[in-house]
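Student: Kindly generate the corresponding structure for this input.
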Amino acid sequence: MAEVKLQAQGLHKRYGAIQVLSDINLTLYAGQTHALVGSNGAGKSTFVKILTGAVAPDSGSVMLDGRALPLGDPQAALKAGIACIYQHPHLIPELSVMDNIVMGHHPTRRFGWLDRKAQRKAVGELLDKHDLQLDLETPVGLLSSVQQKEVEIAKALSLDASVILMDEPTAALSRAEVDKLFRSIDQLCQRGVAVLYISHILDEIFHIAQQVTVLRDGQVKLSAATAELTKAKLVDAMLGRELIAVGQQAEAHATASRPVALECRALHKHNVFSDINFSLHSGEILCITGLIGAKRTELMRAIFGVDPADSGEIRVWDKPVRIRHPLDAIRLGIGFVPEDRHRDGLFLDLSIGVNAIMSSLKRVTKAGLLLPGTMQRLVRQQIAKMEIMPPLPRYPVKHLSGGNQQKVQLGRWLLGDTKILILDEPTIGIDVGTKATIYRLLRELATQGTAVIVVSSDMEEVLTVADRILVMASGRIVATFGRQDVTQSQILAAVSGEVS
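Tutor: Modelled structure (predicted):
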């Protein structure tokens, strides 16, 4: 039996009304790679932050080699031997491989002078021991992506790390580079290091990991040996088995005979998505689902003009259009609620009122001057409609709960002349009551003729709100389902890529 290296026991974490983690238990064994998977909002990032000491849990413990670690103390975690390699390198490009590896713990001589000879000897021996082929003097910024990952591995090993967390480490790597990284991971395991490998790419998980743990809604839904699993079973645990029976939540809506509001023809973006063809009808809610990495968000950003496609055609109300900028999309009546509301959706330091009218300034201005009375009336109407709490137009958005922030972001488009609305993961990190409010509003909008796209990894959500479902995988649409003819096995097979 392998030696237990790290144990997380009974971890709980809450942010306001949102329970982010609930009773998380996970064991890492020396010499093994353990995969951690889950959809956006599952709690993976918070769990990793707890292990690295960046976040303190509300309760629970982390044991390393049988000893309890101080929680919420990054230096204590690093000193104990826990290191993390993130998706984007945490290196200084201008400095050499050698300097990056020993950054923060350079060998010194008397009076604090750097001991370059000792530094060169120590780093050289470290690289030889772990079979890492790196030139000590090369600036890190000149290295390939996989070589930069190797520098980070060496940096972790220089700190005597016995547990290495890898968060989406292959995101920017080619196939050959992924294979090289996997060889490095295998060598780490052969030397007794425990690796926690976080990824959304199922093929990688089945190739590199001996154990898999699935988080969903902040809870462990599955923990098993990889050899005992199939892709479909893993996706099943990630997205949820409780598919809602057709007709239980809402009456199916016949939309095929309605006008086509938006159509994409052969949309292509190099190395992102290709051959995207679909139509969206007036009054229809079209859900696009798939695993993280399916390029759903990238497709929506292209349609909205944030990162336009390289080729293909977009038609709005049966007319070809050029959308090279979000302003083009807004003028065409397209609204977009992005997944990351803090980074892309809201002006956090401004008020509810200012955020609410940001996309419909024409309604509250005349000759370039703001009409305070009109603005206040419209904002108060919108606050009441969206049930935003507290109902104060001047209240700063940054102080609102996640659910109320999402209501502000959605309500912004309801004030404008929006006929096509795109929502990317609209209910991540919000409470059940707010979810119900958003679902009701989406159905009301569709009934009024608005065409709606909902991007979601939540299978229950998809089956609750969708009139039609598209499944994406690896930048392509791989399946299309109507609500009345979809089955659980069909969706799971399509999402996991196991379709003929």
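Student: The closest residue to residue 147 other than its chain neighbours: how many residues sit nearby?
Tutor: Nearest non-adjacent residue to residue 147, counting by Cβ to Cβ, 6 or more residues apart in numbering: residue 134, 6.4 Å away. The way it works is simple: take the backbone N, C-alpha and C, and place the C-beta from them, glycine included. Residues lying near residue 134 (other Cβ atoms under 10 Å) number 20.
Student: go on, residue 11?
Tutor: Neighbours around residue 11, by other Cβ under 10 Å: 26.
Student: picking that back up, who's in contact with the residue nearest to residue 147?
Tutor: Counting by Cβ atoms under 8 Å, 6 or more residues apart in numbering, residue 134 makes contact with 97, 127, 143, 147, 150-151, 154.
Student: Show me which of those residues is closest to residue 35.
Tutor: Of all the contacts of residue 134, residue 150 has the smallest distance to residue 35: 20.5 Å, by Cβ to Cβ.
Student: which element is that closest one on?
Tutor: helix 145-158 (DSSP states H and E).
Student: average pLDDT across stretch 406-421?
Tutor: The pLDDT scores in stretch 406-421 average 89.
Student: Need the residues that contact stretch 165-180.
Tutor: By Cβ under 8 Å, 6+ apart, stretch 165-180 touches 45, 48, 51-52, 82-87, 144-146, 149, 181, 185, 195-201, 204.
Student: mind listing which of the residues you listed are in helices?
Tutor: Among the contacts of stretch 165-180, the residues falling in helices (DSSP state H) are 45, 48, 51, 145-146, 149, 181, 185, 204.
Student: Just name the closest of these to residue 440, please.
Tutor: Taking the ones in helices among the contacts of stretch 165-180 together and measuring to residue 440 by Cβ to Cβ, the closest member is residue 45, at 29.8 Å.
Student: tally of neighbours for the closest one?
Tutor: 16.
Student: With the one 5 residues further on instead?
Tutor: By the criterion of other Cβ under 10 Å, residue 50 has 24 neighbours.
Student: who does the lowest-mean-pLDDT helix or strand in the chain touch, helix- and strand-wise?
Tutor: Every helix and strand in the chain was compared by mean pLDDT, DSSP states H and E; the lowest is helix 488-496, with a mean of 74. With contacts taken as 3 or more Cβ pairs under 8 Å, 6 or more residues apart in numbering; DSSP states H and E, helix 488-496 sits against helix 231-239, strand 468-473, strand 476-482.
Student: Pick the most deeply packed of the ones you listed.
Tutor: The highest average neighbour count among these, using mean count of other Cβ atoms under 10 Å, belongs to strand 468-473 at a mean of 24.
Student: Remind me what that strand packs against, helices and strands.
Tutor: strand 285-289, strand 476-482, helix 488-496.
Student: Which residue is the nearest non-sequential neighbour of residue 425?
Tutor: residue 339 (4.4 Å).
Student: Could I get the phi/psi values of the one you found?
Tutor: phi -70, psi -50 (degrees, to the nearest 10).
Student: I'd assumed residue 296 was in contact with it.
Tutor: No. Contact between residue 339 and residue 296 fails when scored by Cβ atoms under 8 Å: they sit 9.5 Å apart.
Student: more neighbours, the two?
Tutor: residue 296 (27 against 18).
Student: Need the nearest residue in space to the more buried one, chain neighbours excluded.
Tutor: residue 455 (4.8 Å).
Student: list the contacts for the one you found?
Tutor: 287-289, 296-297, 300, 339, 422-425.
Student: Columns distance to residue 226 on top of those residues, output as CSV?
Tutor: Listed next are the contacts of residue 455 as CSV, based on distance: Cβ to Cβ, whole Å:
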residue, distance to residue 226
287, 30
288, 29
289, 24
296, 26
297, 28
300, 32
339, 29
422, 36
423, 34
424, 31
425, 27
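Student: Would you check these and say which has the weakest pLDDT?
Tutor: Minimum pLDDT across the contacts of residue 455 falls on residue 339, with 87.
Student: any residues in contact with both of residue 339 and residue 296?
Tutor: 424, 455.
Student: Am I right that residue 93 is in a strand?
Tutor: No. According to DSSP: H, G, I helix; E, B strand; the rest coil, the state of residue 93 is coil, so it is not within a strand.
Student: what's it sitting at in phi/psi?
Tutor: Torsion angles, degrees, to the nearest 10, at residue 93: phi -60, psi -30.
Student: Quick one: neighbours of it, just the number.
Tutor: With other Cβ under 10 Å as criterion, residue 93 counts 12.
Student: Can you pull the poorly scored residue ranges out of the protein?
Tutor: 1, 17, 40-41, 104-108, 110-112, 171-172, 240-256, 431-433, 487-489, 497-500 (pLDDT under 70).
Student: if we can go back for a sec, if we only consider the contacts of residue 134, which is nearest to residue 383?
Tutor: Distances from residue 383 to those, taken by Cβ to Cβ, are shortest for residue 151, at 50.9 Å.
Student: what's near enough to touch the closest one?
Tutor: 89, 91, 97, 100-101, 134, 140, 143.
Student: Tell me which two of these sit farthest apart.
Tutor: 89 and 134 (13.8 Å).
Student: What separation do you get for residue 302 and residue 268?
Tutor: 10 Å (Cβ to Cβ, to the nearest Å).
Student: just the strands in the stretch 301-450 of the chain please.
Tutor: Taking DSSP state E, counting those that start in this stretch as the criterion, the stretch 301-450 of the chain carries its strands at 311-316, 319-321, 334-337, 365-366, 369-370, 420-424.
Student: quick one: which of those is nearest residue 121?
Tutor: So among these, strand 420-424 is nearest, using Cβ to Cβ, at 51.2 Å.
Student: who wins for proximity to residue 465 among the strands of the stretch 301-450 of the chain?
Tutor: Short answer: strand 420-424, nearest of the strands of the stretch 301-450 of the chain by Cβ to Cβ, at 9.8 Å.
Student: which residues touch the closest one?
Tutor: Contacts for strand 420-424 (Cβ under 8 Å, 6+ apart): 261-262, 280, 296-297, 300, 303-304, 316, 332-339, 410, 413, 442, 445, 450-455.
Student: got it, and stretch 314-321?
Tutor: 259-265, 267, 303, 313, 323, 328, 332-334, 420.
Student: Same question for that stretch: list its buried residues.
Tutor: For stretch 314-321, burial by neighbour count (16 or more other Cβ atoms under 10 Å) applies to 314, 316-317.
Student: ok, back up a step: who wins for proximity to residue 25 among the strands of the stretch 301-450 of the chain?
Tutor: So among the strands of the stretch 301-450 of the chain, strand 420-424 is nearest, using Cβ to Cβ, at 31.7 Å.
Student: now the closest one against strand 311-316, angle please.
Tutor: Here the directions of strand 420-424 and strand 311-316 differ by 120 degrees (axes from the mean of the first three to the mean of the last three Cα atoms, to 10 degrees).
Student: For stretch 459-471, measure first residue to last.
Tutor: Stretch 459-471 has an end-to-end distance of 11 Å (Cα to Cα, to the nearest Å).
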